[in-house]
Structures are given as C-alpha cells and as structure tokens.
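J.: Turn this into a structure:
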Amino acid sequence: MRTPAVSVVTVQTEKVMLSTKLPGRTAAFRIAEIRPQVSGLILERLFEEGTDVKAGQVLYRIDPAPFKAALDNARAALRRAKANLPPLRLRAERYKALLTDKAVSQQAYDDTVSAVKQAEAETASLQAQVKTARIQLQYTKITAPIAGRIGRSNVTVGAIVTAYQPLALATIQQLDPMYVDVPQSTVDLLRLKSRLRKGLLKSQGEEQNKVKLILEDESPYPLEGILQFSDITVDKTTGSVTLRALFPNPDGVLLPGMFVQAVIREGVNEQAILIPQQGVSRDPKGNPYCLVVDSDSKAAFRPLNLDRAIGNTWLVTAGLAPGDRVIVEGLVMLRPGTPVQATPFDPSQSGHAPTAGGPDAPPQKSAKGVE
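T.: Now for the predicted structure:
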C-alpha cells in the first residue's frame, strides 16, 4: 500500500500571557440618593434631569418661611435670657460681700447663686436652639453631596416632603471612573493560586493587575482598568467571589448596569505548548488525544490534557513534550502504527489562519483566552 502523507507540527514551548474572560456588569463609582433633612413644601427644582451636577450645587429649595420664624424666635429668647443674666450676677456679687457682715442670710445668697447658674444654663440651651434653627434653615436648600450625573426627579414643585423620607427625591451617580464587578468561581481561583504556587505561572506584578474590557457589541473598550480587590465572601448560590476593577470613563461610554466582559490576566506561562485544534480528536468518551509521528515514522497515539482554547490552538498541559511531531493533516482513516510520510505543516496552504498564542495575541471569545 502507498504510504500516507501527513503534515506535522513540531512541538515547541513558548511564552504565553494567559488571561480569563469573565462576564460582569458596570456600577457607578459613587451613588448618592437625595433626601430632604427637613419637612416642608418644595418651592423650586434647580436642575435639569439627566445633566451633570457639581458637589454643593443647590438642587431643590424648600419653603424657608417657617424655619426663618423659628430662628427669629430662638434668637429673641436668647437675647431675653442674656438680658436677665447680668443683674443676677451682680446680685450674687453684692450678696457675697454682705454675707461676711451677715447683712443677708446664707439662704438668700445660695438662692441667688442658684438663679445665676440656672440663667447660664438656660442661655446655653437657647444658644443651642438658635444653632439648630439655623441648621434647619440651611437644610431648606437641598444640595448635591457629590459631583456626577443626576437622574429623573421623583417629586415636582409643590410637593410636600418629609425629613429622611424613604423615597429619594433624585439620585446622583458618579460615572468617571466606573466599577466593573465580575464573578469568578472559587474552583478557578483555587486552580490559579495552585499554579502560581507551583511555579507553572509567573506573576507580572503591576502589569498583571491591568484589566481589559469588551463591550456588549464585542468591541474593545479603548482604556485599561485596574483590578481593585477580590471579595473575601463566597456567594452561596453561585459558589463564586466578586472581582472589582476600576476603569476610567472620561467620555461616558460606560453606563451603570451595562453587561461587559472583563479580560483578567492570570500570569505568564513560559513553557506553554500550543498545537492546532485540527490536530486534536476525541474518543467516544470525549477524552482528547492526538496522533504523533514516532522515531520509526509511524503514527502513535497520545492522550492529552487540555487547559483552554487560545485562538485556533489548544494549550496542552500533559501528553506532549518539545520535539514531538503532531499530525494535523492526513488524519482520515489513519490508525496508530501505520507508517507515514511526514512533511512540515504549512498553514497558508491549508487555508487555516496562523497559530495564535503569543504574548500579543488578541483576547478570544471563549470563556478563557490569552491576551
């Protein structure tokens, strides 16, 4: 029989930056729900819905008339108390001088001293009331606690509001920068820590904390984010922890609640083995394997352990060694032990794209990929 011709790829190790693509949602950097701190009638709304507001900007104005009257009343009571205090102090001083000559009784002197202390306490209480009335008058101007974009108003002019009511008057969200929250399973997290501990992956320091983003329309977000932290609590329903990344958003492309995909770097595998996907087959049980050309120029069976798809290649963790010749073309009706005539595989002649998997390869659409 004619010796079948096959195309082979010689296995070589290469340096690959591994990354994981995880789905997530965006969240505002800061959120402030606007609520009144005093009760009253809304006289004015001083902002346009959906616009950007500054911190300290007046948003609503509550009718200040009753609060001005309360402040004037407290000030008048304070002036009256202050006017009564000097005569009582002078009387106490005179009684003290007369007490040595026994011109007044000890009881009269004690009553005068007590009256002075009561007047001083009343004056301090009225000062606090004046301060409280002044603060409440200031609260009639409802201001923005943070800068950001304000949403729709839940009340109109003429509405009656109460202090610290459950319904927010409006909500302000700071959109630059933006958070992206992505869940990662604890299984993947433990596997990653194990690889780093065993030296199979090497950390890239600050570079490893950089995160890329893919928008809902599969277009890449132009700016990189920074991985902030990993939550310490596991969600009991999903068995995952939340990773939070911070992205700059100067143009307002990201909006709260958007579905995105974050490409998170895991580390660098400096001894990665990548083979074309067309050279990998599966047995009836779904286990991956490939055929290689042995030293006798015969096809040989090799079971494989695969980590993930990277472009049009598989990342192999076990089953192959550098120098092995993997058959990628001519597999039809080929059986282990069959003598073969091996030639180098030429991707340009086979119609397949070149093998991806270098450090600069783009992120893939699979659940896990390489950056």
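J.: Go through this protein and flag its longest strand.
T.: strand 13-34 (DSSP state E).
J.: Surely residue 71 is within a helix?
T.: Yes. Applying DSSP: H, G, I helix; E, B strand; the rest coil, one finds residue 71 inside a helix.
J.: Could you pull up the residues touching the spatially closest residue to it that is not a sequence neighbour?
T.: In space, and not counting its chain neighbours, residue 71 is closest to residue 133: 3.9 Å by Cβ to Cβ, 6 or more residues apart in numbering. Any C-beta I mention is one placed from the backbone N, CA and C, and that applies to glycine too. Residues near residue 133 by Cβ atoms under 8 Å, 6 or more residues apart in numbering: 67, 70-71, 73-74.
J.: Show me the strands in the stretch 51-200 of the chain, by range?
T.: 52-53, 58-62, 141-143, 148-150, 160-161, 170-185 (DSSP state E, counting those that start in this stretch).
J.: Do a quick rundown of the strands in the stretch 201-350 of the chain.
T.: Counting by DSSP E, counting those that start in this stretch, the strands of the stretch 201-350 of the chain are 210-214, 225-230, 240-247, 259-276, 281-282, 288-293, 299-303, 305-310, 313-318, 325-329, 341-344.
J.: per-stretch mean pLDDT over those, give me the minimum one.
T.: When these are compared by mean pLDDT, strand 225-230 comes last with a mean of 81.
J.: so that one versus strand 259-276, what angle?
T.: Interaxial angle of strand 225-230 relative to strand 259-276 (axes from the mean of the first three to the mean of the last three Cα atoms, to 10 degrees): 100 degrees.
J.: tell me which residues in strand 225-230 are buried?
T.: 225, 227 (16 or more other Cβ atoms under 10 Å).
J.: cool, and stretch 300-314?
T.: Neighbour-count burial for stretch 300-314 [16+ other Cβ under 10 Å]: 300, 302, 304, 306-314.
J.: And for stretch 233-253?
T.: Quick answer for stretch 233-253 (16+ other Cβ under 10 Å): 240-247, 249, 253.
J.: Then stretch 103-120?
T.: Going by neighbour count (16+ other Cβ under 10 Å), the buried part of stretch 103-120 is 109, 112-113, 115-116, 119.
J.: Could you pull up the mean pLDDT of it?
T.: 84.
J.: what sits against residue 70?
T.: 133, 136-137.
J.: Can you add pLDDT and distance to residue 259 and give those back as CSV?
T.: Below are those laid out as CSV (pLDDT from 0 to 100; distance: Cβ to Cβ, whole Å):
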residue, pLDDT, distance to residue 259
133, 93, 50
136, 93, 45
137, 94, 46
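J.: which among these gets closest to residue 163?
T.: Taking Cβ to Cβ as the measure, residue 163 sits nearest to residue 136 out of the contacts of residue 70, at 9.3 Å.
J.: lowest-confidence helix or strand of this structure?
T.: Every helix and strand of the chain was ranked by mean pLDDT, DSSP states H and E. The lowest is strand 368-370, at a mean of 40.
J.: Quick one: neighbours of the nearest residue to residue 38 once chain neighbours are set aside, just the number.
T.: Spatially, and ignoring its direct neighbours in sequence, residue 38 is nearest to residue 139 (4.6 Å; Cβ to Cβ, 6+ apart). By other Cβ atoms under 10 Å, the residues close to residue 139 number 18.
J.: Ramachandran angles for residue 139?
T.: Main-chain torsions, residue 139, degrees, to the nearest 10: phi -70, psi -10.
J.: Check it and give its pLDDT.
T.: 94.
J.: check contacts around it.
T.: 36-38, 62, 67.
J.: List only those of those flagged as buried.
T.: Using 16+ other Cβ under 10 Å, the buried ones in these are 36, 38, 62, 67.
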